[in-house]
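**Student:** Let's see this in three dimensions:
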Amino acid sequence: MRRAPLLLLLAATPLLPIAAQEPAAEVSTVGRTGVVFDGYYFGSPFAFTNVVQWTVPLTLAQRVGRRLTVDLSSAFARASGATTSGTLEVSGFTDTDVRASWATVSGHLIISVVATLPTGRKAVSDSTLPLLSALATELLAFTTPTFGSGGGATGGFATAFRLGERWAGGVAASFRWHASYTPIAGSGQLEPGGEGRMRLGVEGPFGRGGYFRGAAVYTASGADTLRGGSRSITGDRILVYSSVGFPAGSSNLALYAYDMYRLRPRAYNTTNRNAVQVPRGNVFAVGARLERTLTPALSLAPNLEFRSELAGLDTSTAGLVLLGWLVRPGVDLRYHASGQVALLVQGQAAFGRLADNGSSVSLVGPRAVVLVEWSR
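**Tutor:** Numbers count the residues shown, from 1 in each chain. Just a heads-up that it's a prediction; the model follows:
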């Protein structure tokens, strides 16, 4: 029964996509660092000619005894966007997440606490807002979508249970509190609303060597209070994720898909009657990965993903319009230099189109990753 992977999947909190969440069971310490390049180049007459970001991630996970794991995740990032009127730039460290995960005696329950330390940039100039908006676009999926906040704290739990003889199910819940901060230099404070999250998951083998894993996540956020008492509200979000893996000759093939839908904001009470409401949205992705072991120390994994994003023009619009789509082929190369050191190299290139004032422009997005992992 594979309860441990399901528990880790449900208990994980959103950190860097490439960050380690837990050290492997047979080691006590895992560290990762390297360089990630994300770039997008747009056709004319888009507002940006290109948007480029460099990220140096740092993650460290330490097992303390048999049941406690403490991990740290942070990064340094630099982003720039070229426009016809000049280049916008922002750089600095991100916030630092410090997480403690404790597995109970039964092994069926994990309790986690995350402290988000405000080591990133808490305030930026208003001239960089167009660049920050581009980095936060879910379709483009930049490695570092934000540079900092006022910090916060998250608490949650995950538990797993049997579903028959070979399958397992899981439930997890968490709540995140955000500290207030001043996001734009010279402006008033932002008081972000709290965020509650519920996860349901299931996994198990099927057929001849196949394995299925799926999860559904429901997220509800409170209203953000802006300068002068104005408020901004975001609708609840539903994310469904599934993956299947099975042998394909001498390789292993994995197929996955996820769909995140943002609902229309709810009018909680008269306090929010005049609040700014974030329109509905939908992000969909489907992909495949074929992993092949070339030698005991070297593995190769070509991969392919399609991603699209839709959004409502405003909260009163019934339908959704296409914001953009892209196809991202790539290849991963993993080399175990020794028993303690591994090298991961990823190369990808996205091709697609992005909506622009009733028309659309082309985009090309190369991505390169070089990571070094050390474990003991």
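**Student:** Going by C-alpha atoms from here, please, whenever you check contacts or count neighbours.
**Tutor:** Fine.
**Student:** is it fair to say residue 134 lies in a helix?
**Tutor:** Yes. Assigned with DSSP: H, G, I helix; E, B strand; the rest coil, residue 134 falls within a helix.
**Student:** Now do the phi/psi pair for residue 141.
**Tutor:** The phi/psi pair for residue 141 (degrees, to the nearest 10) reads phi 50, psi 60.
**Student:** Next, count neighbours for it.
**Tutor:** 14 (other C-alpha atoms under 10 Å).
**Student:** residues in contact with it?
**Tutor:** Applying C-alpha atoms under 8 Å, 6 or more residues apart in numbering, we find residue 141 in contact with residue 135.
**Student:** measure it to residue 57 for me?
**Tutor:** 16 Å (C-alpha to C-alpha, to the nearest Å).
**Student:** Is residue 196 bridged to anything, and to what?
**Tutor:** residue 175, residue 220 (DSSP bridges).
**Student:** so how many other residues sit close to it?
**Tutor:** Counted with other C-alpha under 10 Å, residue 196 comes out at 19.
**Student:** so what's it scoring on pLDDT?
**Tutor:** Note for residue 196: predicted pLDDT of 96.
**Student:** Run a quick check on it versus residue 220, I expect a contact.
**Tutor:** Yes. Using C-alpha atoms under 8 Å, residue 196 is in contact with residue 220, at 5.4 Å.
**Student:** Strands of the stretch 101-250 of the chain, start to end?
**Tutor:** In the stretch 101-250 of the chain, the strands defined using DSSP state E, counting those that start in this stretch lie at 109-117, 152-163, 167-178, 195-206, 210-221, 224-225, 231-233, 237-248.
**Student:** what would the ones you listed look like in JSON lines with distance to residue 361?
**Tutor:** Compiled in JSON lines, these are given as follows (distance: least, C-alpha to C-alpha, whole Å):
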{"stretch": "strand 109-117", "distance to residue 361": "38"}
{"stretch": "strand 152-163", "distance to residue 361": "38"}
{"stretch": "strand 167-178", "distance to residue 361": "37"}
{"stretch": "strand 195-206", "distance to residue 361": "35"}
{"stretch": "strand 210-221", "distance to residue 361": "32"}
{"stretch": "strand 224-225", "distance to residue 361": "33"}
{"stretch": "strand 231-233", "distance to residue 361": "30"}
{"stretch": "strand 237-248", "distance to residue 361": "28"}
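**Student:** Which of those sits closest to residue 276?
**Tutor:** strand 231-233 (4.5 Å; C-alpha to C-alpha).
**Student:** Partner strands of the closest one, with direction?
**Tutor:** Strand 231-233 has these strand partners (DSSP bridges): strand 224-225 (antiparallel), strand 276-277 (parallel).
**Student:** for these, which one sits closest to residue 323?
**Tutor:** Checking those against residue 323 by C-alpha to C-alpha gives strand 276-277 as the closest, at 18.3 Å.
**Student:** Not counting stretch 108-119 itself, show me its contacts.
**Tutor:** 3, 7, 11, 93-104, 148-161.
**Student:** Can you flag the buried ones in those?
**Tutor:** By neighbour count, with 16 or more other C-alpha atoms under 10 Å, those hold 3, 7, 11, 93-103, 148-161 as buried.
**Student:** Identify the bridge partners of residue 91.
**Tutor:** Going by DSSP bridges, residue 91 forms beta bridges with residue 78.
**Student:** can you pull the contacts of it?
**Tutor:** Shown in contact with residue 91 (C-alpha under 8 Å, 6+ apart): 76, 77, 78, 79, 147.
**Student:** same thing but 7 Å
**Tutor:** 77, 78, 79 (C-alpha atoms under 7 Å, 6 or more residues apart in numbering).
**Student:** The first one - how many residues pack around it?
**Tutor:** To tie it back to what came earlier, the one meant is residue 77. 24.
**Student:** and the residue lying closest to it once chain neighbours are set aside, how many neighbours?
**Tutor:** Take residue 77 and drop its neighbours on the chain: the residue closest to it by C-alpha to C-alpha, 6 or more residues apart in numbering is residue 55, 4.3 Å away. Around residue 55 there are 24 other residues, counting by other C-alpha under 10 Å.
**Student:** cool, and residue 32?
**Tutor:** Residues within reach of residue 32, counting by other C-alpha under 10 Å, total 21.
**Student:** who's in contact with it?
**Tutor:** 58, 59, 60, 371, 372, 373, 374.
**Student:** Which secondary structure element is home to it?
**Tutor:** strand 29-42 (DSSP states H and E).
**Student:** Quick one: residues contacting residue 247.
**Tutor:** 209, 253.
**Student:** Dig out what it forms beta bridges with.
**Tutor:** Beta-bridge partners, per DSSP bridges, of residue 247: residue 252.
**Student:** quick one: it from residue 180, how far?
**Tutor:** For residue 247 relative to residue 180 (C-alpha to C-alpha), the value is 49 Å.
**Student:** ok, back up a step: out of the contacts of residue 32, who's nearest residue 261?
**Tutor:** Closest approach between the contacts of residue 32 and residue 261, by C-alpha to C-alpha: residue 59, at 29.9 Å.
**Student:** so that closest one touches residue 73, yeah?
**Tutor:** Yes. Assessed by C-alpha atoms under 7 Å, residue 59 is found in contact with residue 73 at 4.4 Å.
**Student:** what number of residues lie near residue 166?
**Tutor:** Residue 166: 12 neighbours (other C-alpha under 10 Å).
**Student:** same question, the one 4 residues further on
**Tutor:** Counted with other C-alpha under 10 Å, residues neighbouring residue 170 total 24.
**Student:** nearest residue to it other than its sequence neighbours?
**Tutor:** residue 160 (4.1 Å).
**Student:** wait, doesn't that neighbour sit right on residue 167?
**Tutor:** No. Under the criterion of C-alpha under 7 Å, residue 160 is not in contact with residue 167, lying 10.5 Å apart.
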